[in-house]
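Novice: next comes the sequence, and after it the predicted model I'd like to discuss.
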Amino acid sequence: MTHRGGRRPRTGVRALAGLLGVAAVVGLGIATLSAIVARTVLIPPSRREDDIRILGLELPARRIVLSATEDSLLPGDYSFWFAGDTGHARVGDIVSVSREGVTRELLGVDFGDLASARRGRFSGWFWLSPRALGVPYENVSIRTPLGPAPAWFVPAAEDSDRWVIQVHGRAVRRAETLRATGPFREAGYHSLLVSYRNDGEAPRSADYRYALGDREWVDVDAAMAYAIARGAREIVLMGWSMGGATVLQALTRSPRAALVTGVVLDSPVVDWIATLDFQARLRRLPGVVRWGVYTLIRSRWGRLVTGLAEPLDLERLDFVSRAAELDRPILLLHSVDDGFVPATASVALAAARPDIVTFEEFTVARHTKLWNYDRTRWEDAIRNWLAALGGAPAAQDVGSDQRA
């Protein structure tokens, strides 16, 4: 009896130790995965994945055959980056779909050896510089707190004191915004297409981390100062994806916001937590990992893992909960099939502020590819909104009273 009684405590200790060991391993795994996800969100990527196979070229007919993916099956006109972004082409409408792949029109090759390429990826950019638009433009420099940032200035056809400042999204560059130049120029707006910290063109921040709009807005504020110095008296801010989060921060935090008469948002991040939750669910990450990511991003000690110079205020980046603070007309364009930034927050913002938000809901178009999918509808939505904005100067009057 003594022998048996002596063994039971040792067995219990070993079992407890085993459970603690398993808990430690699980905890370490959760912490590691949270760190990886947080860093993926915040660190600018060095390259993008070529997720479409090139199956063949039909050069006399100017066609390209691609593997079938959600992007390659989208109707419309798109950029096609290939061979690790060493080449760029433009593809057009779908000619046919078969078991062999998707055959599309090949509109042109801007650079690179497409004949030897094996893989590529779709993008909504389409044009690479204002030169392709056939309109006058200037290469200009914006004086930001981190140093000079390059920008394109595309003047309106006639002299004007109306400007639009175009702000691109995460992991892309200002060429993304060229698609909006046409309707704004027709409406008498000068276009300023800007770069901002850590985008590969503007200066890097000391931490070289995205702040999800929480600090990038300062560079947009510098662009607003540039426009004002050149005669701007009315400014529209347009943001694409993360650029949407950025211009909303500029609208609510810039000392120059009194001159902002309206905001246009294409596939915007209206609420970062909603977007990060969506991405986490796509990757089947457990809730505890999502909690870990938010904790790392928000906390000062999290910088040891994330590398952020300052923690981010995710609540300040939530404009569904902050909807009552918005006071300018907003044109919001979003596809319910976005696939990257869910439209749920955009729908919620439109429902919360129907008095100022004009919501153009797309389907099928996917993330920041609304122009590519239905160019006529997208441009008409901007033209009609600008026409209404021009006929309602009270928007600026309200902003001037509140922010002067």
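Specialist: On my side now, so go ahead.
Novice: do a quick rundown of the strands in the stretch 201-350 of the chain.
Specialist: Assigned by DSSP state E, counting those that start in this stretch, the strands in the stretch 201-350 of the chain fall at 234-240, 260-266, 330-335.
Novice: got the confidence number for S67?
Specialist: As predicted, S67 sits at a pLDDT of 98.
Novice: now it: how far from D374?
Specialist: Counting by C-beta to C-beta, to the nearest Å, the gap from S67 to D374 is 24 Å. Backbone N, C-alpha and C define where each C-beta goes, glycine included.
Novice: chain neighbours aside, what residue packs nearest to E361?
Specialist: V336 (6.3 Å; C-beta to C-beta, 6 or more residues apart in numbering).
Novice: chain center to stretch 267-283, what's the gap?
Specialist: For stretch 267-283, the separation from the chain centroid amounts to 11 Å (computed by C-alpha atoms, centre = their mean, to the nearest Å).
Novice: my error: substitute stretch 147-164 in the last question.
Specialist: Taking mean C-alpha positions (C-alpha atoms, centre = their mean), stretch 147-164 and its chain are 22 Å apart.
Novice: just to revisit the earlier point, next up, the contacts around the residue nearest to E361.
Specialist: The contact partners of V336, by C-beta atoms under 8 Å, 6 or more residues apart in numbering, come to 343, 361-363.
Novice: CA atoms only: put stretch 77-89 into PDB for me.
Specialist: In PDB, the C-alpha atoms belonging to stretch 77-89 read as follows (Å, rounded to 0.1, in the frame of the first residue of the first chain):
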ATOM      1  CA  ASP A  77      -9.100  45.900 -69.000                       C
ATOM      2  CA  TYR A  78      -6.200  45.300 -66.600                       C
ATOM      3  CA  SER A  79      -2.500  45.500 -66.000                       C
ATOM      4  CA  PHE A  80      -0.600  42.300 -66.200                       C
ATOM      5  CA  TRP A  81       2.700  42.300 -64.300                       C
ATOM      6  CA  PHE A  82       4.800  39.300 -65.200                       C
ATOM      7  CA  ALA A  83       8.100  37.600 -64.400                       C
ATOM      8  CA  GLY A  84       8.400  39.000 -60.900                       C
ATOM      9  CA  ASP A  85       7.300  42.500 -61.900                       C
ATOM     10  CA  THR A  86      10.200  42.800 -64.500                       C
ATOM     11  CA  GLY A  87       7.600  43.200 -67.200                       C
ATOM     12  CA  HIS A  88       4.200  44.900 -67.700                       C
ATOM     13  CA  ALA A  89       1.500  44.300 -70.200                       C
END
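Novice: show me which residues of that stretch are buried.
Specialist: 77-83, 87-89 (16 or more other C-beta atoms under 10 Å).
Novice: what do you get for stretch 121-141?
Specialist: Under 16+ other C-beta under 10 Å, the buried positions of stretch 121-141 are 121-127, 130, 137, 140.
Novice: so which of these sit within strands?
Specialist: Among the buried residues of stretch 121-141, DSSP state E puts 121-123, 140 in strands.
Novice: name the helix or strand for T69, please.
Specialist: In this assignment (DSSP states H and E), T69 forms part of neither any helix nor any strand.
Novice: just to revisit the earlier point, quick one, which of S67 and D374 is more surrounded?
Specialist: Taking neighbours as other C-beta atoms under 10 Å, S67 and D374 compare with D374 leading, 19 against 14.
Novice: ok, the more buried one - contacts?
Specialist: With C-beta under 8 Å, 6+ apart, D374 has these contacts: 76, 362, 365.
Novice: pLDDT below threshold where in the stretch 251-400 of the chain?
Specialist: The stretch 251-400 of the chain contains residues with pLDDT under 70 at 391-400.
Novice: how about residues contacting stretch 137-151?
Specialist: 130-131, 152-155, 174, 192-197, 201-205, 218-219, 222-223, 225-226.
Novice: just give me the neighbour total for the closest residue to A274 other than its chain neighbours.
Specialist: Counting by C-beta to C-beta, 6+ apart, A274 lies nearest to A345, which is 4.6 Å off, once chain neighbours are set aside. Each residue near A345 was counted by other C-beta under 10 Å, and the total is 23.
Novice: residue contacts, A345?
Specialist: A345 neighbours (C-beta under 8 Å, 6+ apart): 269-271, 274-275, 319-320.
Novice: need those residues in JSON lines (columns: neighbour count and distance to W378).
Specialist: Shown next, in JSON lines, are these (neighbours: other C-beta atoms under 10 Å; distance: C-beta to C-beta, whole Å):
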{"residue": "V269", "neighbour count": "30", "distance to W378": "19"}
{"residue": "V270", "neighbour count": "28", "distance to W378": "19"}
{"residue": "D271", "neighbour count": "25", "distance to W378": "23"}
{"residue": "A274", "neighbour count": "19", "distance to W378": "23"}
{"residue": "T275", "neighbour count": "24", "distance to W378": "22"}
{"residue": "F319", "neighbour count": "28", "distance to W378": "22"}
{"residue": "V320", "neighbour count": "18", "distance to W378": "24"}
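Novice: picking that back up, now which of the contacts of stretch 137-151 would you call buried?
Specialist: In the contacts of stretch 137-151, the ones that pass as buried (16+ other C-beta under 10 Å) are 130, 152-155, 174, 192-197, 201-203, 205, 218-219, 222-223, 225-226.
Novice: in helices only, show me those.
Specialist: 218-219, 222-223, 225-226 (DSSP state H).
Novice: want to try a markdown table for the strands of the stretch 201-350 of the chain, with distance to R253 and mean neighbour count as columns?
Specialist: Shown next, in a markdown table, are the strands of the stretch 201-350 of the chain (distance: least, C-beta to C-beta, whole Å; neighbours: other C-beta atoms under 10 Å):
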| stretch | distance to R253 | mean neighbour count |
| --- | --- | --- |
| strand 234-240 | 12 | 27 |
| strand 260-266 | 12 | 26 |
| strand 330-335 | 16 | 25 |
